[in-house]
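Asker: here is my input; please provide its structure:
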Amino acid sequence: PVEVTPGVQQHRTTVAASLDCNYAFNSNPEIRAVELKLRQTALEAYQRGILPLRVVSKFLEDADDRRGQVPGREHRRKRKSELLRVEFLQVLMELGFTLLSDRDEEHESLSEGGMPTPITRMNDHLYARQLERLSRYRQHVKSDEAKAHKQLVRAVAKTKKRQQHGNQQAEESLRRFEDEKNQLLRVLSYYRDGHKKSLVYSLLRQQVTTSLTLFPSFGDLLFFELPFTNPYNHNDRFRLELLLPSSREIAVVLDLEIVRSSEEWAFYRENLPLSYGFITSNAHIEDEMIDDHNEVVMESHDQLHLPMRLRWLDTGMEGKKSKIPVSVVIKSCSHGHTVALFNMELRPQPFVCHRVLRFSHPASSIWRWKLRYPKGKFVVCMDPSVAMELLRSGDDQASNSGLVSFKCRVGDYPALETFFVVLYDDVYYARVFEVWQIRIQSKLRVDVHAVLGQSVRHELVIKGDGGPSGHKRHVMCFTPMQHREFVQFRPAQVFTLMPQAFNRIEFAFCAVENGADTQMVMLVNLVDVETHELVGAWSVHVTLALPVITKTYDLRLPVGRAAQKKISYSNPWDQPQTIMLRSSAPKLLVPREPVLQLPSNGQAFLRLAFAARNLSESASQDIYLFINDKRTDQNEECLLFQVTYH
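Answerer: Predicted coordinates:
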């Protein structure tokens, strides 16, 4: 128990007497105990220097009137007449008021000692509920504050983490950028170091390279001179190299050479224009300037013109390749360096063909021909597969023309062999006079053995191709004009060629003129009459034999006068016969009755008319009269008239 000294009791009595007022305490002892405790708390606060009325007045002021005040102006305060429960609790807390305290226990002990106390214990349910509500409010405030504090701490931690992550990403990106930059710098350094030599080489190559374009034509010769200067301060030997295309077909038809002969060089300068370059006053022609190894010796800073000639030998390169590269390289023999490079670009041009010679020859055989050409010209065959032999030169004074023979192998049917022959005006083949084309059409060979005055029959076999669009062809057989009277076709007019089948064409050959050669070649062409295409071609080789002469007559006829003769002829057969009369010289001997009907074992007269003849013509003539059976067109008899004109 706490003892209360007389001094303390006297002090309390004095303070209570000084703060005595007309406040009427509640008659309820519990409420009055609280009121007394509140009063005692106010006194203690006053002793500590806290004015209770000022604390209360602070909450009575209208807090809403403070909003919107203008600085520098006086504002009339409004006071409230009551406090909210929360505000009252705040006032009690500032005054240090508690419902349960050690002083209550002290008062309780004093009361037990027989001393009366005005404070009563508050242990009812209302007081407990108030304490519980106050405790829950404090916990709620503390939990909200703790939650807000945790959220704030969490947000700050997340922000710091994000900042750290962003800083790490920025540092990593910066480091990666620096690594890439350093790698690029290293690659660039390696590239510069590795390509420095190639760059210098390309610059030097451009410095020593000269590009030119030439336009060759078939058979023409292009003459040009390449200027070159010795770049060294000493004498040196240089070698000329020709870099031709790797394609074999281009290398074969391209004739590019260095002119070594001084006479040929001088001739080209006088008669041909320069395709490239120019001739200066000091560009003299030097004899044996370039040796057989294409090497030349030059003094320091000496300049010369390298003569070259180019001939294009192909006729079909205009559409295959428009640009053909050719290079001429000049190298130093002592240093091995390339000191000059000439890149030539060839663009072949079309040419003029002055004459076309067409021939027909049996397939899979050798074609031979002798060709005459004008005097004073020089012939060159541009096809290496054709053999050419000069029989008589064109500059021979004893003849007015030259003679050359050709030999060419003809392929299988329907191959077409074509080659060109160029005639030049000079011995160096520089100026073209004419270009001739020789075309050899291969044909199927047919051999026919015939007798003069007697008809022979043969067949031509061809397989139909169906035409370009698959329909049936309409064709017809043709022969040259000089052979048209010797042959008759069956069918003779336009007929249909059956596709994908072997078609047979029958022809009958009969030669009656005495002047016909014993060996003759007849051409037969099967032509599509709609498209004018050559469907088939044959070369008919005919061997003629003289007939067996049954009777010979010697006649003496006056010059310039016509004559009539009559000869008796008997039918040796026991059946009627129709005979045809043909003359080997239709202009001299004409049968008045070309066809005669003879009964079996009958007899008739052959009436013949001999035409008049002048003295300027031959004095004697052998004329054959062929008596043929009309049904078989075979020779029954052959009469020979040996006519002498006087």
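
Asker: going by C-alpha atoms from here, please, whenever you check contacts or count neighbours.
Answerer: Noted.

Asker: the strands in the stretch 501-646 of the chain, which residues?
Answerer: 502-509, 519-528, 534-545, 551-557, 563-570, 577-583, 589-591, 595-598, 603-610, 620-629, 635-645 (DSSP state E, counting those that start in this stretch).

Asker: show me where pLDDT drops low in the stretch 151-300 of the chain?
Answerer: For the stretch 151-300 of the chain, applying pLDDT under 70 flags the ranges 199-201, 204, 251, 280-283.

Asker: repeat that for 80
Answerer: Regions of the stretch 151-300 of the chain meeting the criterion pLDDT under 80 cover residues 190-208, 246-252, 277-284, 286-288.

Asker: among the strands of the stretch 501-646 of the chain, which is nearest D314?
Answerer: Taking Cα to Cα, strand 534-545 is the member of those nearest to D314, at 27.3 Å.

Asker: the longest strand along the chain: which residues count as buried?
Answerer: Longest strand in the chain by number of residues, with DSSP state E as the criterion: strand 432-451. Neighbour-count burial for strand 432-451 flags 432, 434-436, 439-446, 450-451 (criterion: 16 or more other Cα atoms under 10 Å).

Asker: repeat that for stretch 507-524.
Answerer: Counting neighbours by 16+ other Cα under 10 Å, one finds that the buried residues in stretch 507-524 are 507, 509-514, 521-524.

Asker: in the sheet, which residues pair with R237? Tell me.
Answerer: When assigned by DSSP bridges, R237 has beta-bridge partners V297.

Asker: what's the lowest-pLDDT member of the buried residues of stretch 507-524?
Answerer: When the buried residues of stretch 507-524 are compared on pLDDT, N514 comes out least confident, at 70.

Asker: can you tell me how far it is from V326?
Answerer: According to Cα to Cα, to the nearest Å, N514 stands 64 Å off from V326.

Asker: next one: M344
Answerer: Between M344 and V326 the distance, using Cα to Cα, works out to 5 Å.

Asker: now V494
Answerer: Between V494 and V326 the computed distance is 56 Å (Cα to Cα).

Asker: can you read off the pLDDT for the residue lying closest to F238 once chain neighbours are set aside?
Answerer: Counting by Cα to Cα, 6 or more residues apart in numbering, the nearest residue to F238 once its immediate chain neighbours are dropped is S332, at 4.6 Å. The model reports S332 with a pLDDT of 90.

Asker: cool, the one 3 residues further on as well?
Answerer: As summarised for this prediction, H335 has a pLDDT of 85.

Asker: quick one: it is in a helix?
Answerer: No - under the criterion used here (DSSP: H, G, I helix; E, B strand; the rest coil), H335 is coil, not part of a helix.

Asker: what's the burial count for it?
Answerer: Applying other Cα atoms under 10 Å, we find 11 other residues in the vicinity of H335.

Asker: do the same with D255
Answerer: Per other Cα under 10 Å, the neighbour tally for D255 reads 14.

Asker: quick one: contacts for the closest residue to E530 other than its chain neighbours?
Answerer: The shortest distance from E530 to any residue that is not its chain neighbour, by Cα to Cα, 6+ apart, is 7.0 Å, and that residue is H474. Contacts here follow Cα atoms under 8 Å, 6 or more residues apart in numbering; on that basis H474 touches 494-497, 528-530.

Asker: make it 6 Å
Answerer: With contacts taken as Cα atoms under 6 Å, 6 or more residues apart in numbering, H474 has the following neighbours: 495-496, 528.

Asker: and it, helix, strand or coil?
Answerer: Remark: H474 carries the secondary structure label strand [criterion: three-state DSSP].

Asker: distance of it from F502?
Answerer: Counting by Cα to Cα, the gap between H474 and F502 amounts to 15 Å.

Asker: next: V542.
Answerer: From V542 over to F502 the distance is 24 Å, taken as Cα to Cα.

Asker: out of these two, which sits in the busier spot?
Answerer: Comparing V542 with F502 by neighbour count (other Cα under 10 Å), the higher total belongs to V542, at 19 against 14.

Asker: that's a helix at Y268, yeah?
Answerer: Yes - assigned with three-state DSSP, Y268 falls within a helix.

Asker: returning to what we had before: model confidence score at the residue nearest to E530, please.
Answerer: Confidence at H474, expressed as pLDDT, is 90.

Asker: that one bridge partners, please.
Answerer: Beta bridges link H474 to T496, judged by DSSP bridges.

Asker: then L598?
Answerer: Applying DSSP bridges to L598 gives these bridge partners: Q577.

Asker: isn't it right up against Q577?
Answerer: Yes - contact status for L598 versus Q577: in contact at 5.1 Å, counting by Cα atoms under 6 Å.

Asker: hmm, E241 and the residue nearest to F238 touching each other?
Answerer: No - with contact defined as Cα under 6 Å, S332 and E241 do not form a contacting pair (11.1 Å).

Asker: can you count the residues close to the closest residue to M522 other than its chain neighbours?
Answerer: For M522, the nearest residue in space outside its immediate sequence neighbours is V540; the separation is 4.9 Å by Cα to Cα, 6+ apart. The local packing of V540 (other Cα under 10 Å) involves 19 other residues.
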